[in-house]
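*Asks:* sequence and computational prediction follow.
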Amino acid sequence: MAAESYVGVRVQGGLLPAELLSRIAAGTLAGQASADYHLAAGETVREAANRAWAYLTGVWAAYRQAAGKLPEGDRGTTLTRERWLLILLRELGYGRVPATPAGGLTAGDKQFPVSHLWEQVPVQLLGHTLDLDRRTPGVAGAATSSPQSMIQELLNRSDDHLWAILSNGLTLRLLRDSTSLVGSAYVEFDLEAIFDGELFADFLLLYSICHESRLEVRDPEKGPASCWLETWRTESVESGSRALNQLRDGVVDAITTLGTG
């Protein structure tokens, strides 16, 4: 299935190539067996995602109804975290994601007011009224720079964190260190479009990519770089490079052949 067929999914910075998204959706990659997702024997990823979907559609409806009753000026942070995002992350295998200590996380000589941390994955959970790409004065994690910029800077500065999760309840982004890329690098899931539009195929892709088992450290010596998501990305990039090299070599050979008659 081509990446373009997903209404609620967008890739920024070429983080995950379309070909890789298609293979993830098809379940043809190493690391996509039931045991790799910590599922019961014989339970497929699709079945697990369907079970989570059936539960979360009700949670989403109740959350949206409650959000609509908030008084004017309420950012909705507590409601969004407690009645929606922490439940969503629980269904994705993270359990109850711990809040960070006061002040958030530190990278180098700078502090980053990140709300939660799961293992080596920073998790920034905001209210539904906050824009991920704009500053919001007076709000921790959005006051001096946009939430997107803040999390991206943390990843780029830190050697301990490679991937991060950012969400305001309506949109969820999976970010990666972009020091070797140009600009921001993330995969965005439009939660509002997915759940309001009943886009199960999009949710299945979210489940397959954002599940806890995709970001957990598999080799303590390698750290976050040993997670399945990084393994998939690295192999996809290397495969693409090999394909380009083969294409280039083929073109050179053809030109040489033509030149020699």
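*Replies:* Yep, it's here.

*Asks:* so which residues of the stretch 151-261 of the chain form strands?
*Replies:* Using DSSP state E, counting those that start in this stretch, the strands found in the stretch 151-261 of the chain span residues 163-167, 171-176, 186-190.

*Asks:* list the pairing partners of the first one within its sheet, with orientation.
*Replies:* Note on strand 163-167: by DSSP bridges, its sheet partners are strand 121-125 (parallel), strand 171-176 (antiparallel).

*Asks:* just put the strands of the stretch 151-261 of the chain in JSON lines and tack on mean pLDDT.
*Replies:* Shown next, in JSON lines, are those (pLDDT from 0 to 100):
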{"stretch": "strand 163-167", "mean pLDDT": "98"}
{"stretch": "strand 171-176", "mean pLDDT": "98"}
{"stretch": "strand 186-190", "mean pLDDT": "97"}
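
*Asks:* still on that earlier bit, export the strands paired with strand 163-167 to CSV and tack on distance to Val187 and mean neighbour count?
*Replies:* C-beta here means a position set from N, CA and C on the backbone, and glycine is covered the same way. Formatted as CSV, the strands paired with strand 163-167 follow (distance: least, CB to CB, whole Å; neighbours: other CB atoms under 10 Å):
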stretch, distance to Val187, mean neighbour count
strand 121-125, 14, 25
strand 171-176, 5, 24
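
*Asks:* make JSON lines out of the ones you listed and add distance to Tyr55.
*Replies:* Formatted as JSON lines, those follow (distance: least, CB to CB, whole Å):
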{"stretch": "strand 121-125", "distance to Tyr55": "19"}
{"stretch": "strand 171-176", "distance to Tyr55": "17"}
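
*Asks:* closest to Arg51 out of the ones you listed?
*Replies:* Distance to Arg51, taken as CB to CB, is lowest for strand 171-176 among the strands paired with strand 163-167, at 19.3 Å.

*Asks:* how far off centre is that closest one?
*Replies:* 4 Å (CA atoms, centre = their mean, to the nearest Å).

*Asks:* can you list contacts of it?
*Replies:* Contact partners of strand 171-176, identified using CB atoms under 8 Å, 6 or more residues apart in numbering, comprise 15, 88, 132, 148, 151-152, 155, 162-167, 184-192, 206, 209-210, 233.

*Asks:* just the buried members of the residues you listed?
*Replies:* 15, 88, 132, 148, 151-152, 155, 162-167, 184-191, 206, 209-210, 233 (16 or more other CB atoms under 10 Å).

*Asks:* now the helix or strand encompassing Ile87: buried residues?
*Replies:* Using DSSP states H and E, Ile87 sits within helix 86-91. By neighbour count on 16+ other CB under 10 Å, the buried set for helix 86-91 is Leu86, Ile87, Leu88, Leu89, Glu91.

*Asks:* also stretch 128-148?
*Replies:* Those would be His128, Thr129, Leu130, Leu132, Arg135, Thr136, Val139, Gly141, Ala142, Ser146, Pro147, Gln148, for stretch 128-148 by 16+ other CB under 10 Å.

*Asks:* likewise stretch 5-22?
*Replies:* By 16+ other CB under 10 Å, the buried positions in stretch 5-22 come out as Tyr6, Gly8, Val9, Val11, Gln12, Gly13, Leu15, Leu16, Pro17, Leu20, Leu21.

*Asks:* in this structure the fifth one contacts Leu166, no?
*Replies:* Same thing as Gln12. No. In this structure Gln12 lies outside contact range of Leu166 using CB atoms under 8 Å: 11.9 Å.

*Asks:* spit out the residues that contact those two alike.
*Replies:* Common contacts of Gln12 and Leu166 (CB under 8 Å, 6+ apart): Tyr186.

*Asks:* what is whichever helix or strand comes after the helix holding Ile87 packed up against?
*Replies:* Toward the C-terminus, helix 86-91 is succeeded by strand 105-107 as the next helix or strand (DSSP H and E). Secondary-structure packing of strand 105-107 (3 or more CB pairs under 8 Å, 6 or more residues apart in numbering; DSSP states H and E): strand 110-112, helix 147-157.
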